[in-house]
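Novice: got a predicted model here, sequence first, then my questions.
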Amino acid sequence: MSATEHPGPDHVPWPPEAAARYRASGHWRGQTFGRLLTALAAAYADRTAVVGERAGTTVRWTYAELDERAHRIAAGLAGLGVKAGDRVVLQLPNIPEFVPVVFGLWRAGAWPVFALPAHRRTELRHFAAHTEAVAIITVDRHDRHDHAATARAVAADVRSVRHVLTVGSAEFGDLAATPPRELPDPDPEGVAFLQLSGGSTGVPKLIPRTHDDYIYSVRESARICALRPESVYMAALPVAHNFPLSSPGVLGALHAGAAAVLAPRPDADTAFRLIETERVTITGVVPPLAAAWVQAAARTERDLSSLQVLLVGGAKCGRELAERIGPALGCRLQQVFGMAEGLVCYTRLDDPDDIVLGTQGRPISPDDEIRVVDPDDPAAPSDAEVAPGRVGALLTRGPYTIRGYYRAAEHNAAAFTPDGFYRTGDLVRRHPSGHLEVVGRAKEQINRGGEKVAAEEVEDHLMAHPGVLDAAVVAVPDEYLGERTCAYVVPTAGAHPTGPELRRFVRERGVAAFKVPDLVVVVEEFPVTGVGKTSKRELRAALAARTEKG
Ligand code: OOB
């Protein structure tokens, strides 16, 4: 929380009139994730629910086993004193335990805060402090990082954190062996968990999602992606992210009675091996990964014939790449344009090729309201709709799009219109069919191959360096990732900070590696706009000129 930001409410609920409408139309069904798993375990008891790898061995759990594990973990957490409404920071890579731990937290009524494996000390401390989390659940080591040590350091700083649990430890083993007991079912319209926003301002914002709203998006995603009990979904991206979690993701797979395979890494070798051995039918990737898989497919000896659908999203999938996916991988492309705040758009499996290749899909719900408005001065938006077919800024509200971030009243006033539309910051064109084509962005965010970097957050880190007077972070086009980050820096008088020094400085502040600027350019002063603000437009133009010169 910045010094100027007053904490707001934990959850900005939908207005009663809208909530009544979403209930009446059957979108919200008054079910919690805990009850959902109970129903799935009854319907699909002996079918495979989760497949994953731990220390190189394959783990397979049926729906009945998953259900039992989630019950035990819930009882164990309750035994530790974790209560309904408590926040628990969760930082797990793609290991099978992710699934029963999340359902265990849901059954205990606790709210997982979904950190990504790439997050480091500074981000975790913010999540824990801002949510007053009571526990952190993580692993010991992963990808050469000592997660347990980081979690313990955060726990030492943040007084609310009473427990650090590492999956795989004896303590966690005891917890997961607790005899199951019935716990009170939480309110289905209440918050189920906090997702992270890619954001564009200072610190990552947290997104409160409810059981009712999220289950609706999961159920419809599973239907739109044609998941059936025979389907096998593979999470290749980090599963805590909204895309592999729910679009349709692991939760969509479970909702359909299908198997969810957690790939420990997203590289083509690992993914193709699992596609072959687990007979994966559907998976999802960001565009740079799709490009890498397309290349690797030309040389692979793996049998990829089970794969029917590849979802691509998180960042814009250009037409050229889109056209290569089907032929190279022998599957159908499904584009997905979503956001952790809610709205998710898919191309449909029966859409004509031109729509599948050239748009990012249409919304899940008939009750997703879309407005495409004049992207005029963001400080004083008119929110006037543009003519049909013209590019404008996308605003949305609906049955699974939040009405406010968690404890962020001041930010909410700018991020939402007075009548509750979320300002996505995306520039889109709406086709007559209702499909949206994403053509750019009006927000100060860099989309680094699907990983979102808030310009202001990195600027704040740079400005903490004594040799930096001012910093401006902009996107630089990149062939592989789509965009990378470039930090323009004005030094303080007499200081001569270098690029490598500033990059190391940001890294050592304990942030995710993807936020460390790819390029640092030291300049004497920034170009300014008519009103004296730093002109990022001119900085981007200068960068383009530099790149052209080589
Ligand atoms: C997904 O979620 P987030 O929260 O990491 O990022 C949302 C933002 C969008 O506002 C947009 O700027 C960008 O990511 N984005 C795309 C895109 N999909 C997401 N931009 C262009 N084309 C696309 N297909 O990234 C996310 C959440 C659920 C499903 C899929 C992606």
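Specialist: Sure, I can see it.

Novice: any chance you could map the helices in the stretch 101-250 of the chain?
Specialist: According to DSSP state H, counting those that start in this stretch, the stretch 101-250 of the chain carries its helices in the segments 121-131, 147-157, 170-175, 211-224, 242-246, 249-255.

Novice: spell out which residues of this structure are next to the ligand.
Specialist: For the chain, the contact set with the ligand under C-beta under 6 Å from any ligand atom comprises 198, 242-243, 247, 313-316, 335-340, 344, 360, 424, 426, 438, 441, 447, 450, 452. The way it works is simple: take the backbone N, C-alpha and C, and place the C-beta from them, glycine included.

Novice: now distance to residue 368, mean neighbour count and mean pLDDT too, for the helices of the stretch 101-250 of the chain, in JSON lines please.
Specialist: Putting these into JSON lines (distance: least, C-beta to C-beta, whole Å; neighbours: other C-beta atoms under 10 Å; pLDDT from 0 to 100) gives the following:
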{"stretch": "helix 121-131", "distance to residue 368": "28", "mean neighbour count": "22", "mean pLDDT": "98"}
{"stretch": "helix 147-157", "distance to residue 368": "37", "mean neighbour count": "19", "mean pLDDT": "98"}
{"stretch": "helix 170-175", "distance to residue 368": "40", "mean neighbour count": "14", "mean pLDDT": "97"}
{"stretch": "helix 211-224", "distance to residue 368": "10", "mean neighbour count": "23", "mean pLDDT": "98"}
{"stretch": "helix 242-246", "distance to residue 368": "15", "mean neighbour count": "25", "mean pLDDT": "98"}
{"stretch": "helix 249-255", "distance to residue 368": "17", "mean neighbour count": "26", "mean pLDDT": "99"}
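
Novice: look through the protein and tell me its longest helix.
Specialist: With DSSP state H applied, the helix covering the greatest number of residues in the chain is identified as helix 63-79.

Novice: how about the stretch 401-550 of the chain: which residue is closest to the ligand?
Specialist: Nearest residue of the stretch 401-550 of the chain to the ligand (C-beta to the nearest ligand atom) works out as residue 438 at 3.8 Å.

Novice: in which helix or strand does that residue reside?
Specialist: Assigned by DSSP states H and E, residue 438 belongs to strand 436-441.

Novice: any idea which helix or strand comes after that strand?
Specialist: Counting by DSSP H and E, the element after strand 436-441 in chain order, helix or strand, is strand 445-448.

Novice: strands paired with that following strand, and their directions?
Specialist: Taking DSSP bridges as the criterion, strand 445-448 pairs within the sheet with strand 451-454 (antiparallel).

Novice: buried ones in the partner strand?
Specialist: Along strand 451-454, the positions that meet the burial threshold by neighbour count (16 or more other C-beta atoms under 10 Å) are 451-454.

Novice: and the residue of this protein that's closest to the ligand?
Specialist: Nearest to the ligand in the chain, going by C-beta to the nearest ligand atom, is residue 338, at a distance of 2.6 Å.

Novice: excluding its backbone neighbours, what's nearest residue 493?
Specialist: If the residues on either side of it in the chain are set aside, residue 493 comes closest to residue 469, at 7.9 Å by C-beta to C-beta, 6 or more residues apart in numbering.

Novice: what's the burial count for that neighbour?
Specialist: 14 (other C-beta atoms under 10 Å).

Novice: for it, which residues are in contact?
Specialist: Residues touching residue 469, when contacts are defined by C-beta atoms under 8 Å, 6 or more residues apart in numbering, comprise 490-493.

Novice: again with residue 545
Specialist: Going by C-beta under 8 Å, 6+ apart, residue 545 touches no other residue.

Novice: could you look up the SS state of it?
Specialist: Under DSSP: H, G, I helix; E, B strand; the rest coil, residue 545 falls in the helix class.

Novice: relative to residue 478, how far out is it?
Specialist: Distance from residue 545 to residue 478, counting by C-beta to C-beta, to the nearest Å: 17 Å.

Novice: what of residue 354?
Specialist: The gap separating residue 354 from residue 478 is 27 Å, by C-beta to C-beta.

Novice: rewinding a little: return the member of the buried residues of strand 451-454 nearest to residue 386.
Specialist: residue 452 (25.1 Å; C-beta to C-beta).

Novice: now the closest one: closest residue in space that isn't a chain neighbour?
Specialist: For residue 452, the closest residue by C-beta to C-beta, 6+ apart turns out to be residue 198, at 2.6 Å.

Novice: was I right to think the one you found contacts residue 455?
Specialist: No: judged on C-beta atoms under 8 Å, residue 198 makes no contact with residue 455 at a distance of 11.2 Å.

Novice: so for residue 54, what's the pLDDT?
Specialist: Here the pLDDT value assigned to residue 54 is 88.

Novice: give the contact list for it.
Specialist: Listed by C-beta under 8 Å, 6+ apart, the contact partners of residue 54 are 95-97, 168.

Novice: who does it bridge with?
Specialist: residue 57.

Novice: hey, where'd the strands end up in the stretch 351-500 of the chain?
Specialist: Listed in chain order, the strands of the stretch 351-500 of the chain (DSSP state E, counting those that start in this stretch) span residues 362-363, 369-373, 391-397, 422-430, 436-441, 445-448, 451-454, 468-478, 482-491.

Novice: buried set for the fifth one?
Specialist: Within strand 436-441, the residues scored as buried using 16+ other C-beta under 10 Å are 436-438, 441.

Novice: in TSV: those, plus pLDDT.
Specialist: Converted to TSV, those look like this (pLDDT from 0 to 100):
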residue	pLDDT
436	98
437	98
438	98
441	92
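
Novice: what does stretch 315-329 rub up against?
Specialist: Residues outside stretch 315-329 that contact it (C-beta under 8 Å, 6+ apart) are 286-288, 290-291, 293-294, 297-298, 304, 307, 310, 312, 331-333, 335, 356-358, 360, 438, 447, 449-450, 482-483.

Novice: try 7 Å
Specialist: Around stretch 315-329, the neighbours that count as contacts under C-beta atoms under 7 Å, 6 or more residues apart in numbering are 286-287, 290-291, 293-294, 297-298, 304, 307, 310, 312, 332-333, 335, 357-358, 438, 447, 449-450, 482.

Novice: write a ChimeraX command that selects only the buried members of those.
Specialist: The buried residues among the contacts of stretch 315-329 can be selected in ChimeraX (16+ other C-beta under 10 Å) with this line:
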select :286,287,290,291,293,294,297,304,307,310,312,332,333,335,357,358,438,447,449,450,482
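
Novice: in helices only, show me the contacts of stretch 315-329.
Specialist: In helices, judged by DSSP H, the following of the contacts of stretch 315-329 are found: 287, 290-291, 293-294, 297, 357-358.

Novice: how about those residues in CSV, adding distance to residue 505?
Specialist: What follows is the ones in helices among the contacts of stretch 315-329, written out as CSV (distance: C-beta to C-beta, whole Å):
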residue, distance to residue 505
287, 30
290, 34
291, 32
293, 35
294, 37
297, 40
357, 43
358, 43
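
Novice: widest-spaced pair of those?
Specialist: Pairwise across these, and taking C-beta to C-beta, the largest span is found between 297 and 358, at 22.5 Å.

Novice: where does the stretch 451-550 of the chain dip in pLDDT?
Specialist: In the predicted model, the stretch 451-550 of the chain carries pLDDT under 70 at residues 549-550.

Novice: fine by me, thanks again.
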